[in-house]
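Novice: Next come a sequence and a model predicted from it.
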Number of protein chains: 2
Amino acid sequence: MKISIIGVGLIGGSLALKLKQKKAAEYIYGIDNNSENLKDALSLNIIDEKADFKTGIEAADLIIIAVPVDSAKNILPEVLDLINDRQTVMDVGSTKSGIGKSVENHPKRSRFVAFHPMWGTENHGAKSATAESFAHKAGVICDREKSSPDALELVENIVKNLEMHPIYMNAEDHDVHTAYISHISHITSYALANTVLEKEKEEETIFQLASSGFSSTVRLAKSHPEMWVPIFKQNKENVLDVLNEHIFQLKKFKSALEKENFEFLEELIVNANKIRGILDK
Amino acid sequence: MKISIIGVGLIGGSLALKLKQKKAAEYIYGIDNNSENLKDALSLNIIDEKADFKTGIEAADLIIIAVPVDSAKNILPEVLDLINDRQTVMDVGSTKSGIGKSVENHPKRSRFVAFHPMWGTENHGAKSATAESFAHKAGVICDREKSSPDALELVENIVKNLEMHPIYMNAEDHDVHTAYISHISHITSYALANTVLEKEKEEETIFQLASSGFSSTVRLAKSHPEMWVPIFKQNKENVLDVLNEHIFQLKKFKSALEKENFEFLEELIVNANKIRGILDK
């Protein structure tokens, strides 16, 4: 199978490496506005050939859109305009309602499969790509009834090769759940980094004292704004909803401390501990 | 050197394993109110012998107090009452002002060295102890001028054997810095877990969708209340100060989203990204 990847960054590049390793991709075209990044992808053997937009799309059996979610929404209709009925298009974006709506009435809508792999790191660019990716995480396929059976089957086969377990849901539910489980973690982590940077003016002390606990909690704060601003933008309502709840939950800790109500503080912690039972099933 | 460890949990047990591995400890007595935990410690070869409080303290060159910070504060004067001028006592607690004040006027104050290793995991109990611990993290020694030179030297040697880099500061500064860099991370993580548990009623969905990003941010929420309530209690003022700042920082994200001020949102993220430069020095 020949694959074109639009946006050979962390996710696009890692897909390329993994699918090559699993022999699911025989030839990979890379399409990217950033010529430096494309050069990296070629020299790291992530892609086999640089291609321009039109040539790359026409040459591939499968086109993977792996750019920030606002660009993806704009690019998808253009890609569908160029393909025939045997080609398949998938995306990998972290929000799903917007991109679905962008091709709702497109005559080639059924060639598109909306996909979101629940994997990523705080890094970006082709240089961060790794074949040690995706495995054992969820691969969410949205609105599968809107895709042709053969296109869906092809993407399901990709999910299998990524060693992910497929989950099916509609785009609206996806965006609600990812606001809870992924997007809010990033805001929390960004805000925590800003808190520490604001309060702790001695950078050397942060560096020296940082424990693995702090590094773990603040890791996502290294994530790139080019990816995350569009996600928050497209999932604004859901993210705000969870963010309000999060501030409310923090205020409970604040109140417990202020009132020296340590029984309540313990209750809050015991409740939070339940996440262990859910995550470590 | 013979060592008695009061509280053979994650930290006490990991100290024992590491110091044995480095041959810094020739014989280890374990003292613990929890007989089940003490049995585990013995069968896992973390300690060589169970001891009662008085016998264990009198038999050791070094006594390490590794219980929650409120108990540590109560236990330290009792330990100092029992020792002679050749014995040394250290603690490993995450707050330092309270324990220092508890022995301010004790005639044996100079036999005590206040220590805080910046290492831990979300687990607890002897069964979680590991020799793969402490290395390359900071080992903070507080108020060193209040300890006898030989007691200080002994603890510095322990720090070296733990492969930690020693940092010196006074107890008040320590409690301010750890509120920023460690304690707030735990509150953030607890509150994030509670947010998700409150909003996401489908536990199966949390489990299935949880990405490595979410797991990383919420990891500390598994931490035990028996350890953390006393820390928040003893460092209340500093923690509240940082918590207020953290809520303020989260409100900036909220405001940027509500007003659709995506330039401001990007600014906030770009600022948070600076943590990379500090942590990855």
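Specialist: Thanks, I have the structure now.
Novice: From here on, just use CA atoms for contacts and neighbour counts.
Specialist: OK.
Novice: Report the central residue of chain A.
Specialist: residue A:94 (4.3 Å; Cα atoms, centre = their mean).
Novice: Which element, helix or strand, includes it?
Specialist: Residue A:94 is part of no helix or strand when elements are defined by DSSP states H and E.
Novice: Name all residues that make contact with the nearest residue to it once chain neighbours are set aside.
Specialist: Nearest residue to residue A:94, sequence neighbours excluded (Cα to Cα, 6 or more residues apart in numbering or on different chains): residue A:116, at 6.0 Å. By Cα atoms under 8 Å, 6 or more residues apart in numbering or on different chains, the contact list for residue A:116 reads A:91-94, A:139-141.
Novice: Check whether stretch A:154-165 comes close enough to chain B to count as a contact.
Specialist: No. Judged by Cα under 8 Å from any Cα of the partner chain, stretch A:154-165 makes no contact with chain B; its nearest approach is 8.8 Å.
Novice: buried set for that stretch?
Specialist: A:154-156, A:158-159, A:161-165 (16 or more other Cα atoms under 10 Å in any protein chain shown).
Novice: For it, report the contacting residues that lie outside it.
Specialist: Contacts of stretch A:154-165 with the rest of the structure, by Cα under 8 Å, 6+ apart, involve A:15, A:18-19, A:22, A:24, A:88, A:90, A:113, A:117, A:133-139, A:166.
Novice: Equivalent analysis for stretch A:264-274, please.
Specialist: Applying Cα under 8 Å, 6+ apart, the set of residues contacting stretch A:264-274 is A:253, A:256-257, B:190-191, B:193-194, B:197, B:221-225, B:229.
Novice: hang on, the earlier thing: list just the nearest of the buried residues of stretch A:154-165 to chain B.
Specialist: residue A:165 (8.8 Å; Cα to the nearest Cα).
Novice: residues contacting the residue in the stretch 1-150 of chain A positioned nearest to chain B?
Specialist: Of all residues in the stretch 1-150 of chain A, the one sitting closest to chain B is residue A:118 (5.3 Å; Cα to the nearest Cα). Taking Cα under 8 Å, 6+ apart as the criterion, residue A:118 is in contact with A:134, A:137-140, B:209-211.
Novice: Give the other helices and strands that the worst-scoring helix or strand of chain A on mean pLDDT contacts.
Specialist: Taking mean pLDDT, DSSP states H and E as the measure, chain A has helix A:203-209 as its least confident helix or strand, at a mean of 79. Helix A:203-209 sits against helix B:262-279, with contacts defined as 3 or more Cα pairs under 8 Å, 6 or more residues apart in numbering or on different chains; DSSP states H and E.
Novice: if I look at the nearest residue to residue A:13 once chain neighbours are set aside, how far off is residue A:112?
Specialist: Take residue A:13 and drop its neighbours on the chain: the residue closest to it by Cα to Cα, 6+ apart is residue A:129, 5.0 Å away. Distance, residue A:129 to residue A:112, using Cα to Cα, to the nearest Å: 24 Å.
Novice: now the helices for chain A?
Specialist: Assigned by DSSP state H, the helices in chain A fall at A:10-21, A:35-43, A:53-59, A:69-82, A:97-102, A:149-161, A:171-178, A:184-199, A:203-209, A:212-218, A:225-234, A:236-258, A:262-279.
Novice: Could you pull up phi and psi at residue A:83?
Specialist: Main-chain dihedrals, residue A:83, degrees, to the nearest 10: phi -90, psi 160.
Novice: That one contacts residue A:57, correct?
Specialist: Yes. Using Cα atoms under 8 Å, residue A:83 is in contact with residue A:57, at 7.2 Å.
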